[in-house]
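*Asks:* Sequence and computational prediction follow.
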Amino acid sequence: MGKSINAKELIEKRYGKKGTENREQFREDAFSFYFGEIIRNRRKKLKLSQEDLANIIGKKRPYISRIENGEDIRLSNFSLIANALNLSINLTAE
(Lines give C-alpha, C1' and ligand atoms only; values in the text may rest on other atoms or scores of the structure.)
Protein backbone atom coordinates (compact mmCIF):
# COMPACT_ATOMS: atom_id res chain seq x y z
CA MET A 1 0.00 0.00 0.00
CA GLY A 2 1.30 3.49 -0.87
CA LYS A 3 2.14 6.28 1.51
CA SER A 4 -0.81 8.54 2.31
CA ILE A 5 -0.47 12.30 1.99
CA ASN A 6 -2.73 14.92 3.49
CA ALA A 7 -4.25 17.87 1.60
CA LYS A 8 -1.93 20.47 3.16
CA GLU A 9 1.14 18.48 2.10
CA LEU A 10 -0.24 17.97 -1.41
CA ILE A 11 -1.01 21.68 -1.87
CA GLU A 12 2.42 22.66 -0.57
CA LYS A 13 4.11 20.15 -2.88
CA ARG A 14 2.20 21.36 -5.95
CA TYR A 15 1.93 25.11 -5.27
CA GLY A 16 4.66 25.91 -2.77
CA LYS A 17 4.68 27.21 0.77
CA LYS A 18 2.23 29.84 2.06
CA GLY A 19 3.24 33.30 0.95
CA THR A 20 4.93 32.24 -2.29
CA GLU A 21 3.66 33.66 -5.57
CA ASN A 22 2.45 30.28 -6.88
CA ARG A 23 0.63 29.49 -3.65
CA GLU A 24 -1.11 32.88 -3.58
CA GLN A 25 -2.20 32.48 -7.21
CA PHE A 26 -3.58 29.04 -6.38
CA ARG A 27 -5.50 30.51 -3.42
CA GLU A 28 -7.00 33.29 -5.55
CA ASP A 29 -7.99 30.86 -8.29
CA ALA A 30 -9.53 28.50 -5.73
CA PHE A 31 -11.66 31.27 -4.22
CA SER A 32 -12.84 32.39 -7.67
CA PHE A 33 -13.79 28.80 -8.52
CA TYR A 34 -15.58 28.40 -5.18
CA PHE A 35 -17.60 31.60 -5.62
CA GLY A 36 -18.50 30.56 -9.17
CA GLU A 37 -19.80 27.23 -7.90
CA ILE A 38 -21.92 28.92 -5.23
CA ILE A 39 -23.43 31.26 -7.82
CA ARG A 40 -24.10 28.46 -10.34
CA ASN A 41 -25.71 26.17 -7.75
CA ARG A 42 -27.93 28.90 -6.33
CA ARG A 43 -28.97 30.11 -9.80
CA LYS A 44 -29.96 26.57 -10.78
CA LYS A 45 -31.80 26.04 -7.50
CA LEU A 46 -33.86 29.15 -8.29
CA LYS A 47 -34.42 27.81 -11.82
CA LEU A 48 -32.86 30.87 -13.43
CA SER A 49 -30.91 30.72 -16.67
CA GLN A 50 -27.66 32.61 -17.05
CA GLU A 51 -29.59 34.98 -19.31
CA ASP A 52 -32.23 35.55 -16.59
CA LEU A 53 -29.59 36.37 -13.99
CA ALA A 54 -27.72 38.63 -16.39
CA ASN A 55 -30.90 40.58 -17.13
CA ILE A 56 -31.67 40.98 -13.41
CA ILE A 57 -28.27 42.53 -12.69
CA GLY A 58 -27.89 44.47 -15.93
CA LYS A 59 -25.03 42.42 -17.40
CA LYS A 60 -24.68 40.14 -20.41
CA ARG A 61 -24.99 36.34 -20.28
CA PRO A 62 -21.30 35.65 -21.13
CA TYR A 63 -20.31 37.59 -17.99
CA ILE A 64 -22.34 35.19 -15.82
CA SER A 65 -20.76 32.24 -17.62
CA ARG A 66 -17.24 33.56 -16.98
CA ILE A 67 -18.00 34.11 -13.29
CA GLU A 68 -19.43 30.61 -12.94
CA ASN A 69 -16.30 29.23 -14.59
CA GLY A 70 -13.98 30.84 -12.06
CA GLU A 71 -13.17 34.27 -13.45
CA ASP A 72 -12.32 36.77 -10.75
CA ILE A 73 -15.25 38.95 -9.76
CA ARG A 74 -15.32 42.52 -8.49
CA LEU A 75 -16.86 42.91 -5.06
CA SER A 76 -19.51 45.32 -6.38
CA ASN A 77 -20.63 42.76 -8.98
CA PHE A 78 -20.51 39.95 -6.45
CA SER A 79 -22.84 41.99 -4.26
CA LEU A 80 -25.26 42.54 -7.18
CA ILE A 81 -25.32 38.83 -7.95
CA ALA A 82 -25.66 37.84 -4.28
CA ASN A 83 -28.64 40.17 -3.87
CA ALA A 84 -30.26 38.87 -7.06
CA LEU A 85 -29.88 35.29 -5.81
CA ASN A 86 -30.94 36.15 -2.25
CA LEU A 87 -27.53 35.18 -0.85
CA SER A 88 -25.92 36.86 2.14
CA ILE A 89 -22.28 37.90 2.36
CA ASN A 90 -20.63 37.70 5.78
CA LEU A 91 -17.22 39.20 6.48
CA THR A 92 -15.44 38.32 9.69
CA ALA A 93 -12.16 39.34 11.20
CA GLU A 94 -9.73 36.63 12.23
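*Replies:* Okay, I see it. Numbering: from 1, shown residues only.

*Asks:* tell me the pLDDT at residue 2?
*Replies:* Looking at residue 2, its pLDDT is 65.

*Asks:* Kindly report the same for the one 10 residues further on.
*Replies:* pLDDT, residue 12: 89.

*Asks:* and it, how many neighbours?
*Replies:* When neighbours are counted by other Cβ atoms under 10 Å, residue 12 registers 15. Bear in mind the C-beta positions are built from the backbone N, C-alpha and C, glycine included.

*Asks:* which residue is nearest the middle of this structure?
*Replies:* residue 35 (2.2 Å; Cα atoms, centre = their mean).

*Asks:* you'd agree it is up against residue 74?
*Replies:* No: shown here, residue 35 and residue 74 do not form a contact pair, counting by Cβ atoms under 8 Å, at 11.5 Å.

*Asks:* max-length helix in this structure?
*Replies:* Looking across the chain with DSSP state H, the single longest helix is helix 21-45.
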